[in-house]
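>>> Just to be clear, the model below is a prediction. Sequence and coordinates:
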Amino acid sequence: MERKILTSRTTAPSGWQRTALQIGAWINLLLAVGHLLCLLAPGRIFRLYGIEHTMSRIAAIAPSLPSWIIVGVAGGLLVCALYGFAGAGLHLPLPRVRPLVLTIGALFLLRALGGAALMLILHSSPATEWSAALIAGILGTLYLAGGRGITKKQNA
C-alpha cells in the first residue's frame with residue numbers, strides 16, 4: 001500500500017495503522033454530531049447521564065452555559081476527528097500531526113482509566129459511564145496504534 005505524504009517531513013501510516021486512525025476519526029466525528037444532537041433535548045440527556053444537578057448549578061450561573069459546554073465538547077471531538085483523518089492522510093495537512101495524534105490517544109486512554117478508577121473508588125457503575133470509558137479506551141488505542149505509524153521521511 002502506498003504511503004501518503006502528510007508534510008514535507010512526515011508520511012501517513014499504511015495498512016492497519018491507517019485503518020485504525022480512520023476508524024478513530026469516524027468515531028470522533030459521530031460523537032461530535034451526537035453531542036450537537038444533545039442540544040435538541042439537553043434536559044433528557046443530562047438526566048440519562050446523571051449530570052442534571054451539575055448542569056442545573058452551571059445554568060444558574062449562566063443559562064446558556066450548558067449548551068456552550070456541549071458545543072465545546074463537540075468542537076474538541078471534531079478537532080480530534082480532523083487530526084485522525086490528517087494522520088491517516090485523508091485531510092489537508094495540519095501542524096504537528098504525529099505528536100498531537102499520539103497526545104489525543106494518550107488523553108483518551110487517561111479518560112478511560114480515570115473514569116474506570118473513579119467508578120471503582122466510588123462504588124458506582126452506571127452503564128452510561130462504563131460505555132463512555134470503554135469508548136474512550138477504544139479511541140485511545142486506535143489513535144496510539146495509528147499514530148505510531150506516522151513516520152519521518154528518510155530524506156527530511
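Perfect, thanks for sending it.

>>> neighbours of residue 121, just the number please.
Neighbourhood size, residue 121 [other CB atoms under 10 Å]: 8. In short, each C-beta sits where N, CA and C put it, glycine included.

>>> Three-state assignment for it, please.
With DSSP: H, G, I helix; E, B strand; the rest coil as the basis, residue 121 sits in helix.

>>> and it, how far is that from residue 13?
37 Å (CB to CB, to the nearest Å).

>>> which residue ranges form the strands in this protein?
10-11, 151-152 (DSSP state E).

>>> so where is the chain shaky, pLDDT-wise?
1-9, 91-92, 153-156 (pLDDT under 70).

>>> hang on, the earlier thing: most neighbours per residue, which of the strands of the chain?
Compared across these, strand 10-11 shows the largest average neighbour count, a mean of 20 (mean count of other CB atoms under 10 Å).

>>> Summarise which helices and strands it is packed against.
Applying 3 or more CB pairs under 8 Å, 6 or more residues apart in numbering; DSSP states H and E, one finds that strand 10-11 contacts strand 151-152.

>>> Quick check: which helices or strands does the strand it packs on pack against?
When contacts are defined as 3+ CB pairs under 8 Å, 6+ apart, strand 151-152 packs onto strand 10-11.

>>> which of the residues in stretch 22-29 are buried?
For stretch 22-29, burial by neighbour count (16 or more other CB atoms under 10 Å) applies to 22, 23, 24, 25, 27, 28, 29.
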